[in-house]
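**Student:** Test case, fold it:
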Amino acid sequence: MRRLRNVKIVATLGPASDDYETIRALYEAGADVFRLNMSHGDHGEIARRHGIIRQIEKDLGRPIAILADLQGPKLRVGTFANGEEELSEGQDFRLDLDEAEGDNTRVRLPHREIFEALEPGSSLLVNDGKIRLKVKDCGKDFANCTVTVGGTISNRKGVNVPDVVLPLAALSEKDRRDLDFVCDLGVDWLALSFVQRPEDVIEARGLARDRAAVLSKIEKPAAVKNFDAILDVSDGIMVARGDLGVELPVQNVPPIQKRLVRKCRAAAKPVIVATQMLESMIESPMPTRAEVSDVAAAIYEGADAVMLSAESAAGSYPIEAVTTMNNVAREVESDPTYREVINASRGGHKETVADAIVSAAREIAETTNIKAICCFSQSGTTALLVGRERPHVPILALTPLVGTARRLCLSWGMHCVITGEVDRFKQAVISAVRAARDEGFALSTDQIVVTAGVPFNTTGTTNILRVAPCEERLIYSADPE
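**Tutor:** The predicted structure is shown next:
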C-alpha cells in the first residue's frame, strides 16, 4: 500500500463511514489517518470504530493512525419561549444568568466565566457569527449588548467570544472522561479543542501520560497570539479554519494558515489544515473548483496533512471525497512548481548535529541516484527531522515500536515500517536495505541513505549517515557485524 504522494489525508468517521467495508475502502482510496470525533457518538460507537480500524491495519499489514478529537467546552445560549426570535440591527439585547426562557430582549447565557471576562466593547458572536453583539455594559452575571448584525436567534445556539481570553479550561469534565477512555483504547493522537494558552496543552499532556501524542487545534485568536508557546509544548497542530474564520475576519485566515504551516515545518512538527476543504462533496460527487484550489494551496504550502470532516463522516460521497483529495495531491506534487515552492520555503535549521545529518541526507539524495532515505527512530524524532527537509525521494521511517509507526503516519512523506530491534548501526543498514527492497522502493542495483542515532534507543541522538547499496549480500546477511 505505497502512497504515490507525500501529503497525508485525514478522514473523519461517522454515520456515512461506520462499517468495515467502507472504512477499508476509505483507506484504500487514500486515507492515512482516521479521525474519531468525540462530539458525536458514545464510547461504545467509538470503541467499535477503533476496533474496525485496527482490524483493517492487521488485514493489510500497514500501520494506521487514529486521531481522537476532543469536543472542548461548548458555549451556548439558553432556550426561548417561542423557540426563536428575530433580532434587528441596533436594538438592545441582554445576556444573563436568569433561568427564565428568553424573548426578544434577553436570553440566558449559562456561563459565568464569560461575564467575568467581558468588558465594554467586547464582541459576542452567536450561531457561527451570523448574529453579532457588542457589549455596552456588563457585570458578574449580565451583559447589556447592542445588536450589530441581526438575524434569527434560536435555542442553544453556540457563542464565540473572540476579544478576550476566557477563564475556561480547554478540557471539560466530558473531555477528561473521553481523554482517559480513548488513551486506554489505544488512539495515537489527541486533538485538543479550545486551546488558548500553552498551559491548556500541558494539562492535556499530563492527563495523557504519553499514551497518545497531543495535537493543538488553533481555532481562537488567543491561540494565534500565543502560537509559538503553544507549538513548543505540542506534538502537532491543526489549523481549524472553521472557528478561526468565525472569530477573526475571514480575510485574516489564509495568511495565518500560511504562517502557522511554516512555523510547524521549521519545528519539525506535523500540521493539519482542516475544515470545509471539500464541503460541497457532502452532497455532490464533484467538488467546486475553489475547493480543489484550497486543497492544492495547503499542499503547496507544505502542510503535512489535509482533512475531511463531514465529507467523509456524514456525506453522501465519502469514498469519492478521499479519492478526489488523493488525486489533487498527486497532481500538485507532480507539478515542477510544487518542488520549487517547497525548496524555496526550506529554512536553514542547521543548528545541531542532527540538523546537519538530515540536511546532508537530503542533499546527497538530490545530487546522486539515491532511491530512498531510511531513518531508524524509536521516538520518531529522526524521521520528523528528515521530513522537515521535504526531500524529493521517499522516506522510510523504520521503528520497532508500533506506536511510533502509527503516529508518524500523520507526517509528510512517511512510509512507516515496523522492524525488529537493532542495537548496532550495521544491523540498521541491513534492516533498511531489506525494507527498501521488500516495500518496492529499491532494486539490487540501487542505493539508499540510512540515518540513525547512536547509541540506539536514545531520543534526539541523530548522528550517523551512510549510503548503502541494496545488494543481495546485505539482505541475506546473518552477521550483525
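
**Student:** Any regions of the stretch 301-450 of the chain where pLDDT drops low?
**Tutor:** Within the stretch 301-450 of the chain, the set of residues satisfying pLDDT under 70 comprises 348-350.

**Student:** Tell me which residue is most central in the protein.
**Tutor:** residue 272 (3.7 Å; CA atoms, centre = their mean).

**Student:** Would you agree that one is in contact with residue 410?
**Tutor:** Yes - shown here, residue 272 and residue 410 form a contact pair, counting by CB atoms under 8 Å, at 7.4 Å. Where you see a C-beta, it was placed from the backbone N, CA and C, and this is true even at glycine.

**Student:** Spit out the residues that contact these two alike.
**Tutor:** 10, 236, 304, 305 (CB atoms under 8 Å, 6 or more residues apart in numbering).

**Student:** that older thread, let me see the contact set for the residue nearest to the centre of the chain.
**Tutor:** 10, 215, 236, 237, 238, 239, 303, 304, 305, 306, 307, 410 are the contacts of residue 272 under CB under 8 Å, 6+ apart.

**Student:** how about a cut-off of 7 Å?
**Tutor:** 10, 238, 239, 304, 305, 307 (CB atoms under 7 Å, 6 or more residues apart in numbering).

**Student:** What of residue 392?
**Tutor:** Per CB under 7 Å, 6+ apart, neighbours of residue 392: 339, 366.

**Student:** at 10 Å instead, please
**Tutor:** 6, 333, 339, 342, 343, 362, 365, 366, 370, 413 (CB atoms under 10 Å, 6 or more residues apart in numbering).

**Student:** And the residues you listed, which of them are buried?
**Tutor:** 6, 333, 342, 362, 365, 370, 413 (16 or more other CB atoms under 10 Å).

**Student:** Now do the buried residues in stretch 96-114.
**Tutor:** For stretch 96-114, by 16+ other CB under 10 Å, it's 96, 98, 102, 106, 107, 108, 109, 111, 114.

**Student:** What count of nearby residues applies to the nearest residue to the third one once chain neighbours are set aside?
**Tutor:** Nearest residue to residue 102, sequence neighbours excluded (CB to CB, 6 or more residues apart in numbering): residue 80, at 4.4 Å. A count of nearby residues for residue 80, using other CB atoms under 10 Å, gives 20.

**Student:** cool, residue 423 as well?
**Tutor:** That count, for residue 423 with other CB under 10 Å as the rule, works out to 11.

**Student:** now swap in residue 319 and tell me
**Tutor:** If we define neighbours as other CB under 10 Å, then residue 319 has 18 of them.

**Student:** Start at 768, not 1
**Tutor:** Sure, I'll start numbering at 768, so the last one becomes residue 1086.

**Student:** need the contact list for residue 1012.
**Tutor:** Neighbour list for residue 1012: 895, 896, 986, 1018, 1019, 1020, 1021, 1023, 1042, 1043 [criterion: CB under 10 Å, 6+ apart].

**Student:** That one and residue 895: what is the separation?
**Tutor:** 9 Å (CB to CB, to the nearest Å).

**Student:** What's the first helix or strand after the helix or strand hosting residue 1009?
**Tutor:** Residue 1009 is located in helix 1008-1014, with elements delineated by DSSP states H and E. Toward the C-terminus, helix 1008-1014 is succeeded by helix 1020-1033 as the next helix or strand (DSSP H and E).

**Student:** before we move on, back to that, these two touch, right, the residue nearest to residue 869 and residue 868?
**Tutor:** Yes - Residue 847 is within contact range of residue 868, at 6.0 Å (criterion: CB atoms under 10 Å).

**Student:** Enumerate the positions of the helix holding residue 1009 that are buried.
**Tutor:** 1008, 1010, 1011, 1012, 1013, 1014.

**Student:** Once you drop chain neighbours, what's closest to the first one?
**Tutor:** Think residue 1008. residue 1042 is the one closest to residue 1008 (CB to CB, 6+ apart), at 4.3 Å.

**Student:** which residues touch the one you found?
**Tutor:** 986, 1005-1012, 1020, 1074-1077.

**Student:** Out of those residues, which is nearest to residue 1230?
**Tutor:** residue 1005 (32.0 Å; CB to CB).

**Student:** List the contacts of stretch 1109-1124.
**Tutor:** 773, 1025, 1028-1029, 1032-1035, 1066-1069, 1100, 1125-1127, 1129, 1133, 1142, 1148-1149, 1152-1153, 1155-1159, 1179, 1218-1220, 1227-1232.

**Student:** now do 6 Å
**Tutor:** 1033, 1069, 1126, 1152, 1157, 1218, 1229, 1230, 1232 (CB atoms under 6 Å, 6 or more residues apart in numbering).

**Student:** Show me which of those residues are buried.
**Tutor:** 1069, 1126, 1152, 1157, 1218, 1229, 1230, 1232.

**Student:** The first one reaches residue 1030, doesn't it?
**Tutor:** Right, the one you point to is residue 1069. No - contact criterion CB atoms under 6 Å: residue 1069 and residue 1030 do not qualify, at 11.2 Å.

**Student:** The residue nearest to residue 1023 when sequence neighbours are not counted: helix or strand, and which one exactly?
**Tutor:** Distances taken as CB to CB, 6+ apart place residue 991 nearest to residue 1023, at 5.9 Å, with adjacent residues excluded. Taking DSSP H and E as the criterion, residue 991 maps to helix 988-992.

**Student:** Could you list the buried residues of whichever helix or strand comes after that helix?
**Tutor:** The helix or strand immediately downstream of helix 988-992 is helix 994-1000, counting by DSSP H and E. Neighbour-count burial for helix 994-1000, counted by 16+ other CB under 10 Å, picks out 994, 997, 998, 1000.

**Student:** What of stretch 841-848?
**Tutor:** In stretch 841-848, counting by 16+ other CB under 10 Å, buried: 842, 843, 844, 845, 846, 847.

**Student:** Need the residues that contact the helix of greatest length in the chain.
**Tutor:** Ranked by residue count under DSSP state H, the longest helix found in the chain is helix 810-827. Residues outside helix 810-827 that contact it (CB under 6 Å, 6+ apart) are 780, 787, 790, 791, 794, 801, 803, 831, 833, 948, 952.

**Student:** After that helix, which helix or strand is next? Please name it.
**Tutor:** With DSSP H and E, the next secondary element past helix 810-827 is strand 832-836.

**Student:** Starting from the next helix or strand after that next one, tell me which strands it pairs with and how they run.
**Tutor:** As assigned by DSSP H and E, the chain's next helix or strand after strand 832-836 is strand 851-854. When sheet partners are counted by DSSP bridges, strand 851-854 sits next to strand 918-921 (antiparallel).

**Student:** contact partners of the next helix or strand after the partner strand?
**Tutor:** Following strand 918-921 in sequence order, the next helix or strand is strand 926-927 (DSSP H and E). Strand 926-927 is touched from outside by 842, 891, 892, 893, 1013, 1014, with contacts defined as CB under 6 Å, 6+ apart.

**Student:** And the average pLDDT for strand 926-927 is what?
**Tutor:** Strand 926-927 comes out with an average pLDDT of 94.

**Student:** again with stretch 796-809
**Tutor:** 96.

**Student:** end to end, how far does it reach?
**Tutor:** 27 Å (CA to CA, to the nearest Å).

**Student:** So which bits of it are buried?
**Tutor:** Here stretch 796-809 shows 796, 797, 798, 799, 800, 801, 802, 803, 804, 805, 807, 808 as buried, counting by 16+ other CB under 10 Å.

**Student:** for the last one, what are its contacts?
**Tutor:** The neighbours of residue 808, taking CB under 6 Å, 6+ apart as the test, come to nothing; the list is empty.
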